[in-house]
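*Asks:* Generate a structure from the sequence data that follows.
(2 chains)
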Amino acid sequence: SQTIHQWPATLVQPVGSPLSLECTVEGTSNPNLYWYRQAAGRGLQLLFYSVGIGQISSEVPQNLSASRPQDRQFILSSKKLLLSDSGFYLCAWGVPSYEQYFGPGTRLTVT
Amino acid sequence: ILNVEQSPQSLHVQEGDSTNFTCSFPSSNFYALHWYRWETAKSPEALFVMTLNGDEKKKGRISATLNTKEGYSYLYIKGSQPEDSATYLCAFPNTGGFKTIFGAGTRLFVKA
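*Replies:* Numbers count the residues shown, from 1 in each chain, chains lettered A, B, ... in the order given. You can find the predicted model right below:
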């Protein structure tokens, strides 16, 4: 069966500091991978998606970036965090047209 | 820009009440419509994947219908229980299914 891991579970970072969130998937090959963010009081916002190694599509202009160095690894990064980057970050994998499976999420608080 | 709307934003019901909420999506270039259940402190979990106009799916006390011509889907919960309290999300994959746009969700509170 497929499993999706995310870490860390919670993170408190000062404004201007870098960020690296990691997501790995087990039990499937060549999945579509996604990063979402839920800001306080809002729905899920798609940040990035990837259909293969090194292939990243960005959905919103922001100071975040994503990379996919391996088939089942997806990394979300920032060089300098903003207060507005606070939120709940979810990684997900899916097959086109079918439902997505979400990781446990990372709660990021930028202070 | 695809827009997926959900209403109401939140809903408070008593245990035993039946309830329903709406997801509206673009009726052109329909591909699929997904419903997810998102409990606090957990990850969203898929409830239904709906692809055909007139589709009706059921899982226990929860069911969903789909109208692709007019661009809406209803989620129904019969005899709500406190454990049904969660945010219910609908999601609309674009053609090809690579990118999915989520609605803001309906937050359901069921009081015992």
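
*Asks:* name the helices or strands packed onto the helix or strand containing B:V49?
*Replies:* Using DSSP states H and E, B:V49 sits in strand B:45-50. Packing partners of strand B:45-50 (3 or more CB pairs under 8 Å, 6 or more residues apart in numbering or on different chains; DSSP states H and E): strand A:100-102, strand B:33-38, strand B:56-59, strand B:62-67. From N, CA and C alone the C-beta is placed, and that goes for glycine too.

*Asks:* Can you check which of the ones you listed gets nearest to B:S80?
*Replies:* Nearest of these to B:S80, taken as CB to CB: strand B:62-67 at 9.9 Å.

*Asks:* which residues sit against the next helix or strand after the closest one?
*Replies:* As assigned by DSSP H and E, the chain's next helix or strand after strand B:62-67 is strand B:72-77. Applying CB atoms under 8 Å, 6 or more residues apart in numbering or on different chains, the external contacts of strand B:72-77 come out as B:18-25, B:33, B:35, B:47, B:50, B:61-67, B:84, B:88, B:90, B:106, B:108.

*Asks:* hang on, the earlier thing: want to throw the helices and strands packed on strand B:45-50 into JSON lines with mean neighbour count, mean pLDDT and distance to A:L33?
*Replies:* Converted to JSON lines, the helices and strands packed on strand B:45-50 look like this (neighbours: other CB atoms under 10 Å in any protein chain shown; pLDDT from 0 to 100; distance: least, CB to CB, whole Å):
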{"stretch": "strand A:100-102", "mean neighbour count": "23", "mean pLDDT": "92", "distance to A:L33": "10"}
{"stretch": "strand B:33-38", "mean neighbour count": "23", "mean pLDDT": "94", "distance to A:L33": "17"}
{"stretch": "strand B:56-59", "mean neighbour count": "13", "mean pLDDT": "96", "distance to A:L33": "26"}
{"stretch": "strand B:62-67", "mean neighbour count": "19", "mean pLDDT": "97", "distance to A:L33": "27"}
